[in-house]
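**Q** Structural data only, the sequence is not supplied:
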């Protein structure tokens, strides 16, 4: 467990990207089914962000463009980043599963999974309700997950 | 056109999960404003119930130190009661504690004024105590 300074704006940018791309991809996908291939791209983006901060595209976008330009302000809080990283992992897994269904041609299932991710991202973005974080807390409580000791990214 | 169902199905799934979670949590927020544990000896000061447990690392590393620092800094008459949910499971059930740490701020009459699920900083707890009626030093 590491309660450290943590910039929530990185999460907000990530959630905004997810919502925008999924909703736009879905709208286009109603006419052009090829738009569903945006889901594997998002899955890679999410899982790469969990794997390493160097590959965290929303973070890089925020740090190199949005924050310096004053478009998004920093919102630094003292908290453990591990639950949020777990939530990102859950989102990435959902999108990876959606990608498999895209490859299998089951677009309805793929878009249902993607919409679940978009809706959860919206809950977190608008109301700070992090369902993945709740899952993390429950899994730690029952001993299925160890508490992270990693530093914030 | 069957794809039009995707957002509806997704929202239905999330709604279902949210309902189950809400039922499991027992609507803890509904406790706010109510006296859960009647007590004859209220001190006319707010108090804090701190729910913890042996397996809760964040309790030991963050919540307890924050509460100790807070206790050194406030009216000694304000009670901060540490409750191990393994020792007092009935109390945890009564306050519908589902995750650790949970800190509950009680008003002078024992009514629940705030519920913090997860780590709550000393600064947040102090503000909540003031809102619950703790006298502010001049």
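**A** On my side now, so go ahead. The model shown is predicted, which means the values in this text are computed figures rather than measured ones.

**Q** State the distance from residue A:68 to chain B.
**A** Distance, residue A:68 to chain B, by CB to the nearest CB, to the nearest Å: 29 Å. Bear in mind the C-beta positions are built from the backbone N, C-alpha and C, glycine included.

**Q** Can you tell me the SS state at that residue?
**A** Per DSSP: H, G, I helix; E, B strand; the rest coil, the local secondary structure of residue A:68 is coil.

**Q** Same question for the one 4 residues further on.
**A** Per three-state DSSP, the local secondary structure of residue A:72 is coil.

**Q** list the buried ones in the longest helix seen in chain B?
**A** Under DSSP state H, the helix in chain B containing the largest number of residues is helix B:5-25. Using 16 or more other CB atoms under 10 Å in any protein chain shown as the test for burial, helix B:5-25 gives B:6-7, B:9-10, B:14, B:25.

**Q** what number of residues lie near the closest residue in space to residue A:65 that isn't next to it in sequence?
**A** Beyond its immediate neighbours in the sequence, the residue positioned closest to residue A:65 (CB to CB, 6 or more residues apart in numbering or on different chains) is residue A:71, lying 7.6 Å away. Residue A:71 sits with 10 neighbouring residues when counted by other CB atoms under 10 Å in any protein chain shown.

**Q** can you check residue A:138 too?
**A** Residue A:138 sits with 15 neighbouring residues when counted by other CB under 10 Å.

**Q** Which positions in the strand or helix carrying it come out as buried?
**A** Element membership of residue A:138 [criterion: DSSP states H and E] is helix A:131-141. Applying a neighbour-count criterion of 16+ other CB under 10 Å, the buried positions in helix A:131-141 are A:131-137, A:140.

**Q** any residue of stretch A:107-116 up close to chain B?
**A** Yes. Counting by CB under 8 Å from any CB of the partner chain, chain B has neighbours in stretch A:107-116: A:107-108, A:111-116.

**Q** Mark which of those residues are buried, thanks.
**A** Among these, those classed as buried by 16+ other CB under 10 Å are A:107, A:111-116.

**Q** Okay, and residue 91 sits in which element?
**A** Went with chain A since none was named. Per DSSP H and E, the secondary structure element for residue A:91 is helix A:82-104.

**Q** The intended chain is chain B.
**A** With elements taken from DSSP H and E, the one containing residue B:91 is helix B:89-94.

**Q** For the helix or strand just after that helix, name the packing helices and strands.
**A** Counting by DSSP H and E, the element after helix B:89-94 in chain order, helix or strand, is strand B:102-106. Helices and strands in packing contact with strand B:102-106 are listed as strand B:47-52, strand B:112-117, helix B:122-131; criterion 3 or more CB pairs under 8 Å, 6 or more residues apart in numbering or on different chains; DSSP states H and E.

**Q** ok, now with 10 Å
**A** In terms of contact count using 3 or more CB pairs under 10 Å, 6 or more residues apart in numbering or on different chains; DSSP states H and E, strand B:102-106 is assigned the packing partners strand B:47-52, strand B:80-84, strand B:112-117, helix B:122-131.

**Q** strands paired with the shortest one, and their directions?
**A** Paired with strand B:80-84 in the same sheet, following DSSP bridges, are strand B:47-52 (parallel).

**Q** Tell me what angle the partner strand forms with strand B:112-117.
**A** Here strand B:47-52 runs at an angle of 20 degrees relative to strand B:112-117 (axes from the mean of the first three to the mean of the last three CA atoms, to 10 degrees).

**Q** re the thing from before, from the middle of its chain, how far away would the helix holding residue B:91 be?
**A** Offset of helix B:89-94 from its chain centre (CA atoms, centre = their mean, to the nearest Å): 13 Å.

**Q** Could you confirm whether it reaches chain A?
**A** No. No part of helix B:89-94 sits near chain A under the criterion CB under 10 Å from any CB of the partner chain; the closest distance found is 12.2 Å.

**Q** Just list what the helix-or-strand element of chain B with minimal mean pLDDT packs against, helices and strands only.
**A** The helix or strand of chain B with the lowest confidence, counting by mean pLDDT, DSSP states H and E, is helix B:57-58 at a mean of 77. Applying 3+ CB pairs under 10 Å, 6+ apart, one finds that helix B:57-58 contacts helix A:131-141.

**Q** which parts of the helix holding residue B:91 are buried?
**A** Within helix B:89-94, the residues that qualify as buried by neighbour count (16+ other CB under 10 Å) are B:91-92.
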